[in-house]
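**Student:** heads up, no residue letters with this:
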């Protein structure tokens, strides 16, 4: 039995449900800002995380179901400042306050991204990001410089990677803060100092991951220009694989992470030693082949020198053969030339005009000595000369009688 003074006793499920309904009625759709912590994505596609105040004074459990998570256009990560839209609710099995997130975006990145794009377009128009400006890295550096914070995990990652891959490479640190208002001028000073001292072969500029705001020092125009004019090749390893800064575009080589930057600047010592061993083996084999060839030549020369009598006999035989060829070649050549001369003489005799005159023919010319071959060349009264076998006859033409064509001739 209850009385007017007796407090109502709630069933726990009813109370939790009532609190949830009251929250939804009181707040409806809300937007809240904070930092991500403990972000996980389940195999179902649902996302679970905490949203906490930057100073850690408060926190809120959140759930983002697969449908809403499918609209994310970035990869959320712990420590990132975000803005959430959704509804407050009570998770009834544990009676805990939580937020059902319907949308998420990086906090404050809209204005920063616009500034980023404007500066990128301006510097790109100046040619600051031109691929032709990129310089190759030294293949085998002796010293590598690192521009980063002494307290940054990125420094530990770089040093660890270099000790593992190339323990012979010396590391020189040019300390500078990598976040905050004081970071850009100090980063510029550290990069310039490394360029002035010229004690390293390659310079790594790096820091760990973070939001666009966290990485903003590497989008500062002064930092970007300092990297572009550095006399030392610069590798930029800022953030994670999905992070891009203007320093990446200005550097000679962009690395997805600080560890990757260390791996890019120095080849692995074991691989270098293996390559040297392979080249040594190749040189040894080439030298051995050369020695074998020269040894064979030496053996053949020694064999020839050990039998001088045989060599002399072979040369005598060769000389005798050459003498025999010489003795028979000259008479044969003379005989061939004599026969050719006789043949040419017979041809000349056959063509001798005197032999024709001996057969009763005459050679007739006009007064100018031109040979006559036709009656058309002669006129009555013309003076002619006829050359006979034994002299000349001068005569005068009394008549010209051309031959009549034979019947049937045209």
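**Tutor:** Nice, thanks for sending it over. Quantities reported herein were computed from a predicted structural model and do not represent experimental measurements.
**Student:** Name the spans of this structure whose pLDDT lies under the cut-off.
**Tutor:** 1-6, 108-111, 306-308, 310-311, 350, 405-410 (pLDDT under 70).
**Student:** and residue 144, helix, strand or coil?
**Tutor:** strand (DSSP: H, G, I helix; E, B strand; the rest coil).
**Student:** That one touches residue 171, doesn't it?
**Tutor:** Yes - under the criterion of Cβ atoms under 8 Å, residue 144 makes contact with residue 171 at 5.7 Å. The way it works is simple: take the backbone N, C-alpha and C, and place the C-beta from them, glycine included.
**Student:** neighbour count winner among these two?
**Tutor:** residue 144 (25 against 18; other Cβ atoms under 10 Å).
**Student:** Bridge partners for that one, pull those for me.
**Tutor:** residue 171, residue 202 (DSSP bridges).
**Student:** how much space between residue 356 and residue 362?
**Tutor:** Separation of residue 356 from residue 362 (Cβ to Cβ, to the nearest Å): 10 Å.
**Student:** Could you name every residue contacting both of those two?
**Tutor:** Common neighbours of residue 356 and residue 362 (criterion: Cβ atoms under 8 Å, 6 or more residues apart in numbering): none identified.
**Student:** returning to what we had before: can you pull the residues that touch both of residue 144 and residue 171?
**Tutor:** In contact with both residue 144 and residue 171: residue 162, using Cβ under 8 Å, 6+ apart.
**Student:** which SS class is residue 32?
**Tutor:** Look at residue 32: counting by three-state DSSP, its state is strand.
**Student:** does it really touch residue 58, like I thought?
**Tutor:** No - if you go by Cβ under 8 Å, residue 32 and residue 58 don't touch, sitting 10.5 Å apart.
**Student:** And the helices in the stretch 151-300 of the chain?
**Tutor:** With DSSP state H, counting those that start in this stretch as the criterion, the stretch 151-300 of the chain has helices at 153-165, 183-197, 221-228, 246-250, 258-265, 269-306.
**Student:** out of those helices, which comes closest to residue 326?
**Tutor:** Checking the helices of the stretch 151-300 of the chain against residue 326 by Cβ to Cβ gives helix 269-306 as the closest, at 27.2 Å.
**Student:** about what we covered before: relative to residue 346, which of the helices of the stretch 151-300 of the chain is closest?
**Tutor:** When these are compared for distance to residue 346 using Cβ to Cβ, the nearest one is helix 269-306, at 56.9 Å.
**Student:** Which strands or helices does that closest one pack on?
**Tutor:** In terms of contacts (3 or more Cβ pairs under 8 Å, 6 or more residues apart in numbering; DSSP states H and E), helix 269-306 is not packed against any helix or strand.
**Student:** Show me what counts as buried in it.
**Tutor:** Across helix 269-306, burial judged by 16 or more other Cβ atoms under 10 Å covers residue 272.
**Student:** quick check: angle from that helix to helix 153-165?
**Tutor:** Interaxial angle, helix 269-306 versus helix 153-165 (axes from the mean of the first three to the mean of the last three Cα atoms, to 10 degrees): 20 degrees.
**Student:** Can you lay out the helices of the stretch 151-300 of the chain as TSV showing distance to residue 74?
**Tutor:** Below are the helices of the stretch 151-300 of the chain laid out as TSV (distance: least, Cβ to Cβ, whole Å):
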stretch	distance to residue 74
helix 153-165	21
helix 183-197	23
helix 221-228	23
helix 246-250	17
helix 258-265	21
helix 269-306	37
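**Student:** Kindly state which of the ones you listed is positioned closest to residue 65.
**Tutor:** Closest of these to residue 65 is helix 153-165, at 33.1 Å (criterion: Cβ to Cβ).
**Student:** Report how many residues lie close to the nearest residue to residue 240 once chain neighbours are set aside.
**Tutor:** The shortest distance from residue 240 to any non-neighbouring residue, by Cβ to Cβ, 6 or more residues apart in numbering, is to residue 209 (4.2 Å). As a burial measure, residue 209 scores 20 neighbours (other Cβ under 10 Å).
**Student:** what's near enough to touch residue 209?
**Tutor:** 77, 215, 239-240, 243.
**Student:** how about the residues you listed, which pair is most distant?
**Tutor:** The distance between the two most remote of the contacts of residue 209 (Cβ to Cβ) is 12.4 Å, for 77 and 215.
**Student:** Of residue 32 and residue 58, which one has the most company?
**Tutor:** Legend: neighbour count by other Cβ under 10 Å for residue 32 and residue 58, higher for residue 32 (15 against 9).
**Student:** From residue 82, how far off is the more buried one?
**Tutor:** 9 Å.
**Student:** repeat for residue 152
**Tutor:** According to Cβ to Cβ, residue 152 and residue 82 sit 23 Å apart.
**Student:** Those two: which has the busier surroundings?
**Tutor:** Neighbour tally, residue 152 and residue 82, criterion other Cβ under 10 Å: the higher count belongs to residue 82, 24 against 20.
**Student:** from what I can see that one touches residue 101, true?
**Tutor:** No - contact criterion Cβ under 8 Å: residue 82 and residue 101 do not qualify, at 9.4 Å.
**Student:** now the strands: where do they sit in the stretch 301-410 of the chain?
**Tutor:** In the stretch 301-410 of the chain, the segments counted as strands under DSSP state E, counting those that start in this stretch are 363-366, 383-388, 391-396.
**Student:** Could you export the ones you listed as CSV, including mean neighbour count and distance to residue 167?
**Tutor:** Shown next, in CSV, are those (neighbours: other Cβ atoms under 10 Å; distance: least, Cβ to Cβ, whole Å):
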stretch, mean neighbour count, distance to residue 167
strand 363-366, 16, 114
strand 383-388, 14, 116
strand 391-396, 10, 120
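**Student:** got a markdown table for those, with distance to residue 315 too?
**Tutor:** Formatted as a markdown table, the strands of the stretch 301-410 of the chain follow (distance: least, Cβ to Cβ, whole Å):
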| stretch | distance to residue 315 |
| --- | --- |
| strand 363-366 | 67 |
| strand 383-388 | 68 |
| strand 391-396 | 71 |
